[in-house]
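S.K.: I would like the atomic coordinates for the input below:
(2 chains)
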There are 2 protein chains.
Amino acid sequence: MTHRLVVVGGDAAGMSAASQAKRLAPDLEVLAFERGNHVSYSACGEPYLVGGEVSDMDRLVARTPEQFAKQGIEVHLQTTVRAIDFDHRSVVVDREGERSRIGFDFLMYSTGATPARPQSIAGAGRAYGLRSLDDAAQLREIVDARIKNAAVVGGGYIGLEAAEALCHRGVAVTLVTSGSHVLSRTFDPDIGESANDAVRKLGIDLVVSAPVYGISTAGIATGGEMILADLVVLGVGTDPEVSLAREAGIEIGGSGAVAVNEFQETNVEGVWSAGDCSEATHRLSGRQVNIALGTIANKAGRIAGTNIAASINGADKSRFPGVLGTAITKVGEVELARTGLTTRQAQAAGFEVVSGTVSGTNTAGYWPNAAPVDLKVIADRKSGRLLGAQIVGGPGSGKKIDTLALALWTEMKVEDLAWVDLAYAPPFSGVWDLIHIAARRAARALA
Amino acid sequence: MTHRLVVVGGDAAGMSAASQAKRLAPDLEVLAFERGNHVSYSACGEPYLVGGEVSDMDRLVARTPEQFAKQGIEVHLQTTVRAIDFDHRSVVVDREGERSRIGFDFLMYSTGATPARPQSIAGAGRAYGLRSLDDAAQLREIVDARIKNAAVVGGGYIGLEAAEALCHRGVAVTLVTSGSHVLSRTFDPDIGESANDAVRKLGIDLVVSAPVYGISTAGIATGGEMILADLVVLGVGTDPEVSLAREAGIEIGGSGAVAVNEFQETNVEGVWSAGDCSEATHRLSGRQVNIALGTIANKAGRIAGTNIAASINGADKSRFPGVLGTAITKVGEVELARTGLTTRQAQAAGFEVVSGTVSGTNTAGYWPNAAPVDLKVIADRKSGRLLGAQIVGGPGSGKKIDTLALALWTEMKVEDLAWVDLAYAPPFSGVWDLIHIAARRAARALA
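M.R.: Here you go, the predicted structure:
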């Protein structure tokens, strides 16, 4: 008997699951419903479409519906799932004005997230947000129409990247954040200050510690002043899209996203979830978190797909090993990267925190054009374990975060990290890498 | 009672030991003897002094004798230790034509290595080698005199870097190596082929599989032909400087370098050794190896210094945790990096090897000017453990090797490496990092 998988939402998590399930269970019938015009696209590339680094929307599409069709996966665009009915194991979908009901054996819930529009900001619905490729294309058209100035609300990754993109296109940009620094939820204040400098160096007018309480066609209102702008972009985080799930009786976790176990299974038999709409286990705090990142969506989606296939063919299930919240972005030439817990997050999780920070360069000090780099690690006083790391610095410094992510992943102590055999040549680092030095300082702070 | 430490050889290992010992045991009297004109210099920076990236020899000196004097460490330059006499716990030194005898309580043996001059190459003594800063300065002067062409013998790190430096200065360079590719001792042939391409792209005339059997003032003789050159540079590896040690009765290991334990202790009580002249434990093969790299010299030297101090003040001794042979270099814009065992080394160490290779880019594929990167991992078929990794690729790709070094260090399986939470944004990688993809392929090859 052929089983049918219905995928609700066709970006990273959904299509990874679809693809992996079909690969491992070729007899599975797979239908994917996407309300937008594209599946399997790079949401992370959208700011660069606006900024012009990426010329063409199609370049951000990893796989088209036609490519999925060749694999035997049926993609339905512009198709909105209105309800999930577990009593009849079917979904209610709207397409081109017509409503129909489609049965399923298995369901993949991968609706993603939408730009947050907090109730505390009056008129938040009027601002532009970046979600679909069409959102990005629309924003690009507005910029092409030669607007003069823009206000970006929010200093997270999307806010920063949108601000830089607009700046890159010659628009005068004001970036407003309620935090004392940009990236205030994911970076410590000391590193955040350097990020502020990088933003200002680009020529962006950065306004910190300024909660926005209203958005109008004329601009935005903060506590202190009214900022006039031809365009307002909202980048204050995302909300997981869980309304369909909640109505259908799929359990929502404490973070507000769909609750899943390590197999990406929801509380409903035969229903998996992954991506920006769902939770994941943080490897350090042990808590269920909702972090909207493409890396997590792709990995967790693949695990879901493996387990959907396993439910048919009886193979061993795969476990999603959890997340560290590793992330990277850039502001001009300055790279910003982080992994694990910030000091505040670590304290909230019950750790007593020590830190080690080094200000150095991304090459030997004597190398021409050595660019400054600040690297910070934090550790648990009791166990000596690394808890998190943050980097702000010149070209080539950001991806050092992966080495620190590996150290976190393997529960390394900072004392041991200080001696790892890392690569050195003058164009690439000092003979003691900045990672060694920061780890050694943290180890000393433990004593 | 004050103890005296005599340091024989004043570069990375010796001065790291001196400095650390003095820091932890302030009453220790420290005398360092160096036959050259500098201590604590960056030998790895020498090719870039020749090439002109580094303008001034002094920039390669990390600390001067005056700076050491401020720390209470007495440095004697142009002072050659002729003999070590354990019966009388003293060294015989020559300085400015005068011989003297100086007693010690503790000895740090850190004589480094000299460019190898194999007997199989007649006239090898006539070629230039790079060891001291003065060697580099002399080579630079020769290039300044506008020589037209040069032959470099040997395709290791020094050979490659010297060839590029000369090329950078407008000299026509022929690079001759006995291997089928450059870096043939440290990279697998498939990655090595890409390295060959990078060398040729620079305009260097690369001659492979060509053992050199003679060097004269006119050039070099290979099996196939005579290559005329105004200058011949020898870069066929290094030999540890162990003659003094051997004569004094310090044990030499199977690799030909000074045998030490994990505390950097030699077989003689009160005598430590570290750096290019000594052995280190390879963490994967478990064997004693002699790898001449500044990273190892600095770390092992620091451990020696800690333990010298511990022998006085009774503190706990520190263990040197061993090496992976992690290394990096660049050829033009192409970065080359490696860690762990090559396929051949792994097989020689008794492992059955599987591999996973990926050819991708150092950014998202759609990012402008995405540069190609090849990344290879090898794993042990039995345990699934990562055994080594090699990278050749564009800017920003080389230091990815540190992430793989961390994975080796923590004995990670490739199956687990494929899921680590690494950083992603379009300017930095694909959403699945090349490390994930290569690890996944190796994991699949295990099955």
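S.K.: A:F86 touches A:G249, doesn't it?
M.R.: Yes. Taking contacts as CB atoms under 8 Å, A:F86 lies within contact range of A:G249: 6.5 Å. Heads up, the C-betas are built off the backbone N, CA and C, glycines and all.
S.K.: give me the neighbour count for A:E333.
M.R.: Here the neighbour count serves as a burial measure; for A:E333 (other CB atoms under 10 Å in any protein chain shown) it reads 12.
S.K.: ok, A:A195 to chain B distance?
M.R.: Summarising the geometry, the distance separating A:A195 from chain B, computed by CB to the nearest CB, to the nearest Å, is 14 Å.
S.K.: OK, contacts around that residue?
M.R.: Shown in contact with A:A195 (CB atoms under 8 Å, 6 or more residues apart in numbering or on different chains): A:181-183, A:187, A:331, A:334, A:336, A:392.
S.K.: distance between the strand or helix carrying A:R302 and the chain's centre?
M.R.: Taking DSSP states H and E as the definition, A:R302 sits inside helix A:294-313. Centroid displacement of helix A:294-313 relative to its chain, using CA atoms, centre = their mean, to the nearest Å, is 18 Å.
S.K.: hmm, who's touching the helix or strand following that helix?
M.R.: Scanning the chain past helix A:294-313 towards its C-terminal end, the next helix or strand to appear is strand A:327-331 (assignment: DSSP H and E). The set of residues that contact strand A:327-331 without belonging to it, under CB under 8 Å, 6+ apart, is A:157, A:160-161, A:164, A:186, A:195, A:198-199, A:202, A:293, A:335-339, A:398-399, A:401, B:423-425, B:427-428.
S.K.: in strands only, show me these.
M.R.: Secondary structure assignment (DSSP state E) places A:335-339 from these within strands.
S.K.: out of those residues, who's near chain B?
M.R.: Among the ones in strands among the contacts of strand A:327-331, the ones lying close to chain B by the criterion of CB under 8 Å from any CB of the partner chain are A:335, A:337, A:339.
S.K.: ok, the second one - contacts?
M.R.: Contact partners of A:A337, counting by CB under 8 Å, 6+ apart, are A:326-329, A:390-391, A:397-401, B:423.
S.K.: can I get those residues in CSV including neighbour count?
M.R.: CSV is the format used below for those (neighbours: other CB atoms under 10 Å in any protein chain shown):
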residue, neighbour count
A:T326, 26
A:A327, 25
A:I328, 24
A:T329, 27
A:Q390, 30
A:I391, 29
A:S397, 27
A:G398, 27
A:K399, 25
A:K400, 28
A:I401, 29
B:A423, 27
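S.K.: format the residues you listed as TSV; extra columns: distance to B:R169 and pLDDT.
M.R.: Written out in TSV, the entries for those read as follows (distance: CB to CB, whole Å; pLDDT from 0 to 100):
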residue	distance to B:R169	pLDDT
A:T326	42	98
A:A327	42	97
A:I328	37	97
A:T329	39	96
A:Q390	40	98
A:I391	35	98
A:S397	29	96
A:G398	33	97
A:K399	32	97
A:K400	32	98
A:I401	37	98
B:A423	38	98
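S.K.: could the residues you listed go into CSV alongside distance to B:R4?
M.R.: Supplementary listing: these in CSV, determined by distance: CB to CB, whole Å:
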residue, distance to B:R4
A:T326, 50
A:A327, 53
A:I328, 51
A:T329, 54
A:Q390, 45
A:I391, 43
A:S397, 43
A:G398, 47
A:K399, 47
A:K400, 41
A:I401, 45
B:A423, 50
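S.K.: closest to A:E225 among the residues you listed?
M.R.: The shortest approach to A:E225 among those belongs to A:T329, at 27.6 Å (CB to CB).
S.K.: tell me what the closest one is bridged to.
M.R.: A:L336 (DSSP bridges).
S.K.: stretch A:439-447 vs chain B: in contact?
M.R.: No. Contact between stretch A:439-447 and chain B, assessed by CB under 8 Å from any CB, is absent, since the two come no nearer than 9.8 Å.
S.K.: quick one, what contacts the residue positioned nearest the centre of chain A?
M.R.: Here the mean C-alpha position of chain A is nearest to the C-alpha of A:L293 (CA atoms, centre = their mean), at a distance of 2.3 Å. If a contact means CB under 8 Å, 6+ apart, then A:L293 has A:276, A:325, A:327, B:424 as its contacts.
S.K.: for it, report the pLDDT, please.
M.R.: Here the pLDDT value assigned to A:L293 is 95.
S.K.: A:C44 too?
M.R.: The predicted local confidence for A:C44 comes out at a pLDDT of 89.
S.K.: A:F33 and chain B: what is the separation?
M.R.: Going from A:F33 to chain B by CB to the nearest CB gives 22 Å.
S.K.: er, A:V268 I mean
M.R.: The spacing between A:V268 and chain B, counted by CB to the nearest CB, is 25 Å.
S.K.: surely that residue is within a strand?
M.R.: No. Remark: A:V268 does not belong to a strand; assigned using DSSP: H, G, I helix; E, B strand; the rest coil, it is coil.
S.K.: and for it, the neighbour number?
M.R.: Applying other CB under 10 Å, I find that A:V268 has 17 neighbouring residues.
S.K.: right, and it touches A:A245 too?
M.R.: No. With the criterion set as CB under 8 Å, A:V268 and A:A245 do not qualify as a contacting pair; they are 9.2 Å apart.
S.K.: and A:S16, which of the three is it?
M.R.: At A:S16 the chain is in helix, as set by three-state DSSP.
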